[in-house]
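1. got a sequence here, can you model it:
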Amino acid sequence: MSRASSNARASRLAFPGLVLICLVLAFAPVRLMGWAGWTGSIVVAAISPIAHPVTEFSIWLSPSKGGRTLADDQRNRLQDEIERYKLRALQAQLEIERLHDLVEQLAGARQFNPTEPIRPITAAVMGDASDASSTSILRVRAGALQGVRQGAVATDGSVQLLGRVQRVLPLYSEVRPITARASTPIQGAVLLDAEATRTLDCILEAQGDGTLRGHVEDAGDDAGASPLEIGQRVCLKDPDWPPSAQMLVIGTLVKIEPARDHPLRKVITVRPGSDLRGAAEVVLRIPVGRGAGESQANAGVQP
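-> The predicted model follows:
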């Protein structure tokens, strides 16, 4: 009877004793607990063989929450593919913007001369002509077989005037830019407002450095102030050029100087939107339909 009572007393004291021991060990210094490390290693050794199968089983049950870890090479391939699609998307966006700008340019060029139908031919620049006396002539990959005729107008893009066709062969042509030193002077009009209701006529000569320079009549307004401003657009207004070329852009005003020989004149410097001497391709504007032959005959080729 006494043995049963002692066992009952020991069982009642076991749980409080364990709690007391755990509290003492919890607040004991770490340096005194090194002996307990072997128990942790035993527990890890016991449960490790089971942990991996359990993890795999849990991944198989819910792959959307975890999934298997991709190999490095497979992950790199997917990342490269993502970057390629991003690049294609950016390139497509740039192409859309370029086409949008081209539509606007073509619409603007059409407004300049809506009654003169033309057939544009885009031709790549092959290089300088072999003629040493005309180092600024561009040889383009379009000739008589494509319908090009001498005197045809060439543009850089849709509205930037580039020059005239000087020589035509079956497979290629030679174009002299308006900024070439050997080109003849051209007549232009400075647009004083966006609607081109007020203009000033000018005659421009190529300087050989990519710009054109010439005199413009400038009597000023009623208050005596000059209407000329840096950045104003200058367009072609020359009867020696075909109708399809009229009001194509020569360039923008970059410099205004007083004329030494005349108080009512100014000397202006005009720069095209790009260096025409280094154009990579040109657009040849070929008149079509009625009057095309007359336009070519009256075009007048620069010597």
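2. now the helices for the protein?
-> Using DSSP state H, the helices of the chain run over 2-26, 37-61, 72-112, 292-297.
3. lowest-confidence stretch among the ones you listed?
-> Mean pLDDT across the helices of the chain is lowest at helix 292-297; the value there is a mean of 45.
4. contacts only, for residue 165.
-> 148-154, 173-175, 284, 301 (CB atoms under 8 Å, 6 or more residues apart in numbering). C-beta coordinates here come from the backbone N, C-alpha and C atoms, glycine included.
5. again, 6 Å this time
-> By CB atoms under 6 Å, 6 or more residues apart in numbering, residue 165 lies in contact with 150, 152, 173, 175.
6. who does it form a beta bridge with?
-> With DSSP bridges as the criterion, the beta-bridge partners of residue 165 are residue 175.
7. quick one: it from residue 98, how far?
-> 26 Å (CB to CB, to the nearest Å).
8. how about low-confidence regions in the stretch 101-250 of the chain?
-> 104-116, 127-135, 218-224 (pLDDT under 70).
9. straight-line length of stretch 260-267, end to end?
-> 9 Å (CA to CA, to the nearest Å).
10. my bad, stretch 151-171
-> 16 Å.
11. spatially nearest residue to residue 163, not counting backbone neighbours?
-> With CB to CB, 6 or more residues apart in numbering as the criterion, residue 163 has its nearest non-adjacent residue at 4.3 Å, and that residue is residue 177.
12. tell me the contacts of that neighbour?
-> So residue 177 contacts 162-163, 276-277 (CB under 6 Å, 6+ apart).
13. hmm, 8 Å instead?
-> By CB under 8 Å, 6+ apart, the contact set of residue 177 is 136, 138, 162-163, 183, 276-277, 279.
14. most widely separated two among these?
-> Using CB to CB, the contacts of residue 177 span at most 14.5 Å, a distance reached by 183 and 279.
15. care to break the chain down by domain?
-> Split into domains by automatic domain parsing, the chain comes to 112-181+280-297, 186-278.
16. and of these, who's closest to residue 78?
-> Comparing the domains of the chain by CB to CB, domain 112-181+280-297 comes nearest, at 37.7 Å.
17. from residue 231, how far off is residue 271?
-> Per CB to CB, residue 271 is found 11 Å from residue 231.
18. surely residue 228 touches residue 256?
-> Yes: Residue 228 is within contact range of residue 256, at 5.3 Å (criterion: CB atoms under 8 Å).
19. so what sits against both of the two?
-> Joint contacts of residue 228 and residue 256 (CB under 8 Å, 6+ apart) are 266, 268.
20. settle it for me: which of residue 271 and residue 231 has more neighbours?
-> Just comparing residue 271 and residue 231: by other CB atoms under 10 Å the higher neighbour count belongs to residue 271, 19 against 7.
21. that one touches residue 254, doesn't it?
-> Yes: Residue 271 is within contact range of residue 254, at 4.7 Å (criterion: CB under 8 Å).
22. what do these two both touch?
-> Jointly contacting residue 271 and residue 254 under the rule CB under 8 Å, 6+ apart are residue 211.
23. distance of residue 202 from residue 188?
-> Remark: distance between residue 202 and residue 188 (CB to CB) = 5 Å.
24. which neighbours do these two share?
-> The contact sets of residue 202 and residue 188 overlap at residue 234 (CB under 8 Å, 6+ apart).
25. now stretch 227-241: buried residues?
-> Of all the residues in stretch 227-241, those buried under the rule 16 or more other CB atoms under 10 Å are 228, 232-238, 241.
26. hmm, I was thinking of stretch 208-221
-> Buried residues in stretch 208-221, counted by 16+ other CB under 10 Å: 210-216, 218.
27. just those: which are in strands?
-> 212-216 (DSSP state E).
28. which of these lies closest to residue 93?
-> Of those, the one sitting nearest to residue 93 (CB to CB) turns out to be residue 212, at 36.1 Å.
29. and the closest one, bridged to which residues?
-> residue 206, residue 270.
30. that one contacts residue 180, doesn't it?
-> No: the criterion here is CB under 8 Å, and residue 212 misses it with residue 180 at 10.6 Å.
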